[in-house]
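Visitor: sequence? don't have it. structure:
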């Protein structure tokens, strides 16, 4: 149990375009989803936390208008990188936590490698 | 807020040797300490965790120890194998609520066959 998927696993886009990354909890209801960003050889940096049906809470320094997060259902959250630029190239990882047996733990997705050319 | 320091940043061992990774944390209120293994190009996977009411926990070749007084915890891997090669992250958090862990900077473990 507690499987989280991400799609796509890799994406290359041109500067100025927008990219959407999906995060799904496959076998549990994710009441809270998290989005992280990871640069090469660095730790995970929390970007935002989202609760189903509510607006996301962004960490300090993360532009909410650039990184749009939607958590419309208990199994799906999306991160849209708007007007992407080369400096947005990174490894984006989502995680999810739920209720009951899935409470109090974050289950991570496999990550999405974004390259902006 | 919480601050987690992790050492070493890189650890190279021979197959069969033991590996130890150490972390310290700053917030005495933290009571949950998970360890994650991240293979290249993949997301982190929980490998073991420990809560503040115990001092040690083992799972086959992996063990974690916690010293709440000194605010440090360690990961011990015995009889290392090449497939143990990965980046390991420690984390500290207050369990319950939204559970947002503070991660260490990671340790790149290389096990040479």
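Guide: That came in fine, so what should we check first? This one's a predicted model, so the numbers in the text were calculated from it and none came from an experiment.
Visitor: low-confidence ranges in the chain?
Guide: Just so you know, I chose chain A. Screening chain A residue by residue with the criterion pLDDT under 70, one finds the ranges A:1, A:102.
Visitor: wrong one, I was asking about chain B
Guide: Short version for chain B, where the test is pLDDT under 70: B:96-98.
Visitor: near chain A, which residues of it? Just list them.
Guide: Applying C-beta under 8 Å from any C-beta of the partner chain, one finds that chain B approaches chain A through B:32, B:34, B:36, B:41-46, B:89, B:95-96, B:98-101, B:103-106, B:108. The C-beta positions use only the backbone N, C-alpha and C, and glycine is treated the same way.
Visitor: now do the SS call for residue A:87.
Guide: Using DSSP: H, G, I helix; E, B strand; the rest coil, the three-state assignment for residue A:87 comes out as helix.
Visitor: how far away is the closest residue to it other than its chain neighbours from chain B?
Guide: The shortest distance from residue A:87 to any non-neighbouring residue, by C-beta to C-beta, 6 or more residues apart in numbering or on different chains, is to residue A:116 (7.9 Å). Remark: distance between residue A:116 and chain B (C-beta to the nearest C-beta, to the nearest Å) = 18 Å.
Visitor: does residue A:116 really touch residue A:85, like I thought?
Guide: Yes: counting by C-beta atoms under 8 Å, residue A:116 does reach residue A:85; the two are 5.9 Å apart.
Visitor: which of the two has more residues huddled nearby?
Guide: Per other C-beta atoms under 10 Å in any protein chain shown, whichever of residue A:116 and residue A:85 has more neighbours is residue A:116, with 20 against 11.
Visitor: is that one bridged to anything, and to what?
Guide: residue A:13 (DSSP bridges).
Visitor: ranges for the strands of chain A?
Guide: Taking DSSP state E as the test, the strands found in chain A are A:4-7, A:10-13, A:19-25, A:30-38, A:45-51, A:57-58, A:67-73, A:76-81, A:90-98, A:107-108, A:112-116.
Visitor: could you dump these to CSV with distance to residue B:64?
Guide: Formatted as CSV, these follow (distance: least, C-beta to C-beta, whole Å):
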stretch, distance to residue B:64
strand A:4-7, 23
strand A:10-13, 33
strand A:19-25, 26
strand A:30-38, 22
strand A:45-51, 23
strand A:57-58, 30
strand A:67-73, 32
strand A:76-81, 30
strand A:90-98, 20
strand A:107-108, 19
strand A:112-116, 30
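Visitor: and the closest residue to residue B:102 other than its chain neighbours, how far is that from chain A?
Guide: Using C-beta to C-beta, 6+ apart and skipping the chain neighbours, the partner closest in space to residue B:102 is residue B:2 (4.0 Å). As for residue B:2, its distance to chain A is 12 Å (criterion: C-beta to the nearest C-beta).
Visitor: having no further points to raise, I will conclude here.
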